[in-house]
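Pasting the sequence and the predicted coordinates here, then a few questions.
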Amino acid sequence: MIGSHGRLAADAVPPLTALLSDADPSLRATAAETLGKLGPAAQPASESLVKLLDDEAPAVRAASVAALGGLELEAS
């Protein structure tokens, strides 16, 4: 898992989160998939990933669901 790289994983979260709003749906989906692979280190991106659940592109929605599962969020 990419998330096992500690600080490097955390440093990747802000630029990947910014890509979630790119005009290209394949780029949004890839960014979401990558964030999911970062695991809990990507939890700061959870709000942005939730917004993508309503994305127009099915691949982006699916990648967001998978990514959110990878973040290991706790229920509130």
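Great, that's in hand. Residues are numbered from 1 along each chain as shown.

Please tell me I have it right and residue 10 contacts residue 41.
Yes: Residue 10 lies in contact with residue 41 (CB atoms under 8 Å); the separation is 4.9 Å. C-betas here are computed from N, CA, C, even on glycine.

For those two, indicate the residue with more neighbours.
Each of residue 10 and residue 41 has its neighbours counted (other CB atoms under 10 Å); residue 41 has more, 23 against 16.

Ramachandran angles for that one?
phi -60, psi -20 (degrees, to the nearest 10).

Apart from its chain neighbours, what residue comes closest to it?
residue 9 (4.0 Å; CB to CB, 6 or more residues apart in numbering).

And for residue 52?
residue 64 (3.9 Å).

Which neighbouring elements make contact with the helix or strand hosting the one you found?
Assessed by DSSP states H and E, residue 64 sits inside helix 58-70. Applying 3 or more CB pairs under 8 Å, 6 or more residues apart in numbering; DSSP states H and E, we find helix 58-70 packed against helix 25-38, helix 46-51.

Mean neighbour count, these: which tops it?
Highest mean neighbour count among those (mean count of other CB atoms under 10 Å): helix 25-38, with a mean of 21.

ok, back up a step: pretty sure the residue nearest to residue 52 contacts residue 49?
Yes: here residue 64 reaches residue 49: they are 4.9 Å apart, a contact under CB under 8 Å.

The element among helices and strands of the chain having the smallest mean pLDDT relative to helix 58-70, how many degrees between them?
The weakest-scoring helix or strand in the chain, judged by mean pLDDT, DSSP states H and E, is helix 7-19 (a mean of 88). Between the axis of helix 7-19 and that of helix 58-70 there is an angle of 150 degrees, by axes from the mean of the first three to the mean of the last three CA atoms, to 10 degrees.

Thank you, goodbye.
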